[in-house]
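S.K.: Predicted coordinates and the sequence they were generated for:
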Amino acid sequence: MEDVKEQQSQSHGQDDENEIVTENTAFVHGKPAQDASGPPKVDSEVEILHEKVTKQIIKEGHGHKPSKYSTCFLHYRAWAESTQHKFEDTWHEQQPLELVLGKEKNEMTGLAIGVSSMKSGERALLHVGWELGYGKEGSFSFPNVPPMADLLYEVELIGFDETKEGKARGDMTVEERIGAADRRKMDGNALFKEDKLEEAMQQYEMAIAYMGDDFMFQLFGKYRDMALAVKNPCHLNLAACLIKLKRYEEAIGHCSIVLAEDENNAKAMFRRGKARAELGQTDAAREDFLKARKYAPEDKTIARELRLLAEHDKAVYERQKEIYKGIFGPRPEPKKNRTNWLILLWQWLVSLFYRIFRRERVKAD
């Protein structure tokens, strides 16, 4: 991780202590995050949590496990085991699920049992019997789950809040939700400065979970401004972490969310441009950098990234020029045919004998 002071000295528009500035762009093309079409293949030991619930750990977590009535924030993908049909994906929607243990919906009972056995940051594959899922009837609305379908969940526990009364976000006042989100954001910033990127991301994700679309839709005026002042920096800081982890497509997604709310946000343009440059999307990256420069004309880091793009494009052009050298070069001049004197002599002799033969024939007639 770069020196924190150096990062904080690089401003993109209006810098403040709530937002983190990332490293320089290098043209190393990382692989974009893959959207798994089927359940992951896991070789770890199978842990029996319940007669109808088993767990296999994909990635270890840290800290302790949530207790009853804890408010858990998680991402998950869900499949019907028999058909391998994926019917839910919160990663794709970029909207974590809030789950209060002990107060979950009936169809979430198996999922809640699995989550209660996990630590913050842990990712696991859960196998849930149909009895603790969508039951005998299944679901024919949304999500679409067949009758008596055993379920597979790929789950990541982002984090949780210990609350004895199980107070969900929906029961909090606006000020309480924004305050809880702001505390998570500040915790994330501290972890980022210690280069604990995964843990920092968990805090930013939890902060964003406090301000979901349903909550933001109800806010107007100063309350909406207060919420966005916390939510947007969390998206931008998530993008900073994801760029460091070479998960560029996800970083682009978070920057685009900010730009949907604030189309003139120079930091969002800058970081989206960095992610696009890493993916080799140089035209789109240049467009983002030029827009960012419009709102932050004195920013040296934006000018540097534009210069790097120009140098990259020039290097690509020179390589292509070298590869195709001669293919479209000047047309070669046709070679002059050499005169074959032997053929000409033979043709002259044949013509001479023919004329003599005709002359003698005329005399004979």
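M.R.: Yes, it's here.

S.K.: Heading C-terminal from the host helix or strand of Arg307, find the next helix or strand.
M.R.: When elements are defined using DSSP states H and E, Arg307 is found to belong to helix 300-323. Sequence-wise, the next helix or strand downstream of helix 300-323 (DSSP H and E) is helix 341-364.

S.K.: so for the helix holding Arg307, what's the average pLDDT?
M.R.: For helix 300-323, mean pLDDT is 85.

S.K.: Check stretch 211-223 too.
M.R.: The pLDDT scores in stretch 211-223 average 85.

S.K.: which residues of the stretch 1-150 of the chain fall in helices?
M.R.: Under the criterion DSSP state H, counting those that start in this stretch, helices of the stretch 1-150 of the chain are mapped to 4-9, 90-93, 109-116.

S.K.: Lowest average pLDDT across these?
M.R.: That would be helix 4-9, which, of all the helices of the stretch 1-150 of the chain, carries the lowest mean pLDDT at a mean of 37.

S.K.: So Val145 is in contact with Ala80, correct?
M.R.: Yes: contact criterion C-beta atoms under 8 Å: Val145 and Ala80 qualify, at 5.9 Å. Placement of C-beta: from N, CA and C, glycine included.

S.K.: overlap in contacts of those two?
M.R.: Both Val145 and Ala80 are contacted by Phe87, Leu151, under the criterion C-beta atoms under 8 Å, 6 or more residues apart in numbering.

S.K.: Just the buried residues of the helix holding Arg307, please?
M.R.: Of all the residues in helix 300-323, those buried under the rule 16 or more other C-beta atoms under 10 Å are Thr301, Ile302, Glu305, Leu306, Leu308, Leu309, His312.

S.K.: which one of these is nearest Tyr295?
M.R.: Minimum separation from Tyr295 among the buried residues of helix 300-323 (C-beta to C-beta) is found for Ile302, which lies at 9.6 Å.

S.K.: Without its sequence neighbours, what residue ends up closest to the closest one?
M.R.: The spatial neighbour of Ile302 that comes closest, neighbours along the chain excluded (C-beta to C-beta, 6 or more residues apart in numbering), is Arg293 at 4.8 Å.

S.K.: Helix or strand: which one has that neighbour?
M.R.: Counting by DSSP H and E, the secondary-structure element that holds Arg293 is helix 282-295.

S.K.: orientation of that helix relative to helix 300-323 in degrees?
M.R.: Note on geometry: by axes from the mean of the first three to the mean of the last three C-alpha atoms, to 10 degrees, helix 282-295 and helix 300-323 are set 150 degrees apart in direction.

S.K.: coming back round to it: just how off-centre is the helix holding Arg307 within its chain?
M.R.: Taking C-alpha atoms, centre = their mean, to the nearest Å, the mean C-alpha location of helix 300-323 is offset from the chain mean by 24 Å.

S.K.: could you dump it to CSV, C-alpha only?
M.R.: Taking Å, rounded to 0.1, in the frame of the first residue of the first chain, the C-alpha atoms of helix 300-323 are listed here in CSV:
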residue,chain,number,x,y,z
LYS,A,300,-1.9,16.7,-11.4
THR,A,301,-2.9,13.1,-11.1
ILE,A,302,-5.6,13.4,-13.8
ALA,A,303,-3.0,15.0,-16.1
ARG,A,304,-0.6,12.2,-15.4
GLU,A,305,-3.2,9.5,-16.2
LEU,A,306,-4.0,11.2,-19.5
ARG,A,307,-0.3,11.4,-20.3
LEU,A,308,0.1,7.6,-19.5
LEU,A,309,-2.9,6.9,-21.8
ALA,A,310,-1.2,8.9,-24.6
GLU,A,311,2.1,7.0,-24.1
HIS,A,312,0.3,3.7,-24.0
ASP,A,313,-1.6,4.5,-27.3
LYS,A,314,1.7,5.6,-28.9
ALA,A,315,3.4,2.4,-27.9
VAL,A,316,0.5,0.2,-29.2
TYR,A,317,0.7,2.1,-32.5
GLU,A,318,4.4,1.6,-32.9
ARG,A,319,4.1,-2.1,-32.2
GLN,A,320,1.3,-2.5,-34.8
LYS,A,321,3.3,-0.4,-37.2
GLU,A,322,6.2,-2.8,-36.8
ILE,A,323,4.0,-5.9,-37.1
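
S.K.: Can you name every helix or strand that it contacts?
M.R.: The helices and strands touching helix 300-323, judged by 3 or more C-beta pairs under 8 Å, 6 or more residues apart in numbering; DSSP states H and E, are helix 266-278, helix 282-295.

S.K.: Most tightly packed of those helices?
M.R.: Neighbour counts averaged per stretch over these are highest for helix 266-278, at a mean of 27; criterion: mean count of other C-beta atoms under 10 Å.

S.K.: Could you list the buried residues of stretch 141-150?
M.R.: Of the residues in stretch 141-150, those with enough neighbours to count as buried (16+ other C-beta under 10 Å) are Val145, Pro146, Ala149, Asp150.

S.K.: Sounds good, over and out.
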